[in-house]
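Trainee: predicted model and sequence follow; I will ask about them next.
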Amino acid sequence: MSFERPAIIRPPSEWRSYFLPLTSGCSNNTCTFCNYYGSRLRLRKVEEVLAEIDALALYKRHGITVANMHPLVYAVARGWDGQRVFLQDGDALVYPFPKLKQVLEHLNEKFPRLERVAAYATAKDILRRSVEELETLRELKLGILYMGVESGDEEVLQNVRKGVTYQEMVEAGRRVKEAGITLSVTVILGLAGPAGSARHALATAGILSAIDPDYAGALTLTLVPGTPLADQVRRGDFQLVTPFGSLEELKIIVENACFTNCFFSSMHASNYFTVRGRLPREKEQMLKDLESVLAKRDPSLLRPEYSRGL
């Protein structure tokens with residue numbers, strides 16, 4: 001079966017990147033909240049990836065297009081500055097190491113001004129790679145990996161079928177940092193419902209402290225139609241936290257997480273309120289902002305439900 005190019009799903013910070021698919025879907029397709037739930041992982045032939053890089057280079061240097069190349073290649077390439085590449089899809093690091101190395105070598109050869117390559121990576125994908133292999137990828141400009149942590153609460157991780165443990169995620173984060181690759185992680189507010197809210201928030205602060213990433217982002221649970229968690233909510237088996245309940249969780253995380261030097265934010269479109277800053281340096285101001293909105297309990301201070309998104 002031929003490889004079908006995936007839709008562009010990317011971290012907000014990768015908006016200027018060229019999106020180069022190595023895979024489609026996700027190897028960990030069991031997470032009950034995720035739009036990749038039930039997706040089938042497909043690996044793209046390395047020859048197709050190299051051909052796309054060649055076509056991209058030809059277009060950027062000479063304005064020449066290649067027949068039968070996907071039109072999205074040129075749609076993205078028109079505004080691309082040649083400096084950053086994001087490897088698709090949900091966990092591109094699962095791509096076989098020798099082929100991934102070949103792709104990065106080819107990118108560096110064709111685009112000498114390339115600054116950074118990025119990818120999503122599951123903890124299991126990272127743990128498939130030795131520190132030495134990750135160092136090799138860093139030398140080829142793999143500069144940042146985005147890992148979904150979601151929660152530090154083992155019960156929550158089991159309930160949402162995350163497929164990894166607290167300790168495995170900590171080890172994966174340690175391995176990325178040891179290799180000198182920037183690590184950005186995300187957690188999800190509201191993932192334990194109201195009953196487990198405080199426990200989830202405290203445990204999540206704990207795992208963030210243990211990983212000590214360069215960047216951390218808090219998202220708020222947003223239901224994806226057709227996922228098991230959306231079905232649980234529809235049946236009444238799972239209760240959503242209130243908007244202010246999600247901010248209580250955010251406050252607990254900011255208050256209790258201990259970082260060396262982490263840019264922490266809740267800027268994602270799923271969130272009801274935004275805080276951002278360097279932790280620990282700006283912790284006091286971030287907590288003041290959260291305490292203020294929690295004290296007022298004024299819904300007009302929050303992002304309206306209709307404008308929240310994934």
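Mentor: On my side now, so go ahead.
Trainee: use CA for all of it now, contacts and neighbours both
Mentor: OK.
Trainee: quick one, phi psi at the residue nearest the centre of the chain?
Mentor: In the chain, the centroid-proximal residue (Cα atoms, centre = their mean) is residue 146; its distance is 4.3 Å. Backbone geometry at residue 146, expressed as degrees, to the nearest 10, gives phi -110, psi 120.
Trainee: give the contact list for the residue nearest to residue 60 when sequence neighbours are not counted.
Mentor: Leaving aside its sequence neighbours, residue 60 sits nearest to residue 77 (Cα to Cα, 6 or more residues apart in numbering; 7.4 Å). If you count contacts by Cα atoms under 8 Å, 6 or more residues apart in numbering, residue 77 has them with 18, 56, 59-60.
Trainee: residue 60: which element?
Mentor: helix 46-62 (DSSP states H and E).
Trainee: any idea which helix or strand comes after that helix?
Mentor: According to DSSP H and E, the helix or strand after helix 46-62 is helix 71-77.
Trainee: name the residues linked to the residue nearest to the centre of the chain by a beta bridge.
Mentor: residue 120, residue 184 (DSSP bridges).
Trainee: what number of residues lie near the residue nearest to residue 262 when sequence neighbours are not counted?
Mentor: Leaving aside its chain neighbours, residue 262 sits nearest to residue 214 (4.7 Å; criterion: Cα to Cα, 6+ apart). Counted with other Cα atoms under 10 Å, residues neighbouring residue 214 total 19.
Trainee: what does residue 214 show for phi and psi?
Mentor: Dihedral angles (degrees, to the nearest 10) for residue 214: phi -80, psi -40.
Trainee: distance-wise, check it relative to residue 224.
Mentor: 28 Å (Cα to Cα, to the nearest Å).
Trainee: what's the helix or strand harbouring residue 277 packed up against?
Mentor: Taking DSSP H and E as the criterion, residue 277 maps to strand 276-279. With contacts taken as 3 or more Cα pairs under 8 Å, 6 or more residues apart in numbering; DSSP states H and E, strand 276-279 sits against strand 262-265, helix 283-296.
Trainee: again, only using 7 Å
Mentor: Judged by 3 or more Cα pairs under 7 Å, 6 or more residues apart in numbering; DSSP states H and E, strand 276-279 is in contact with strand 262-265.
Trainee: and residue 183, how many neighbours?
Mentor: The burial count for residue 183: 21, using other Cα under 10 Å.
Trainee: wait, residue 62
Mentor: By other Cα under 10 Å, neighbour count at residue 62 equals 9.
Trainee: for residue 162, which non-adjacent residue is closest in space?
Mentor: The shortest distance from residue 162 to any non-neighbouring residue, by Cα to Cα, 6+ apart, is to residue 31 (5.2 Å).
Trainee: dump the residue contacts of the one you found.
Mentor: 37, 160-162 (Cα atoms under 7 Å, 6 or more residues apart in numbering).
Trainee: so how far is residue 70 from it?
Mentor: Taken as Cα to Cα, the span from residue 31 to residue 70 is 30 Å.
Trainee: try residue 214
Mentor: In this view, residue 214 and residue 70 are 35 Å apart by Cα to Cα.
Trainee: give me the mean pLDDT for the strand holding residue 277.
Mentor: For strand 276-279, mean pLDDT rounds to 96.
Trainee: buried stuff in it?
Mentor: Applying a neighbour-count criterion of 16 or more other Cα atoms under 10 Å, one finds 278-279 buried in strand 276-279.
Trainee: ok, now stretch 229-238?
Mentor: For stretch 229-238, by 16+ other Cα under 10 Å, it's 229-231, 238.
Trainee: tell me, how many residues neighbour the residue lying closest to residue 276 once chain neighbours are set aside?
Mentor: Excluding its sequence neighbours, the residue lying closest to residue 276 (Cα to Cα, 6+ apart) is residue 265, at 4.1 Å. When neighbours are defined as other Cα under 10 Å, residue 265 has 21 of them.
Trainee: quick one: contacts for residue 265?
Mentor: Contacts of residue 265 (Cα under 7 Å, 6+ apart): 216-218, 275-277.
Trainee: ok, 10 Å please
Mentor: For residue 265, the contact set (Cα atoms under 10 Å, 6 or more residues apart in numbering) comprises 186, 215-219, 250, 254, 274-279, 286.
Trainee: residue boundaries of the helices in the protein?
Mentor: 46-62, 71-77, 97-110, 123-127, 131-139, 154-159, 166-178, 197-211, 228-235, 243-256, 283-296 (DSSP state H).
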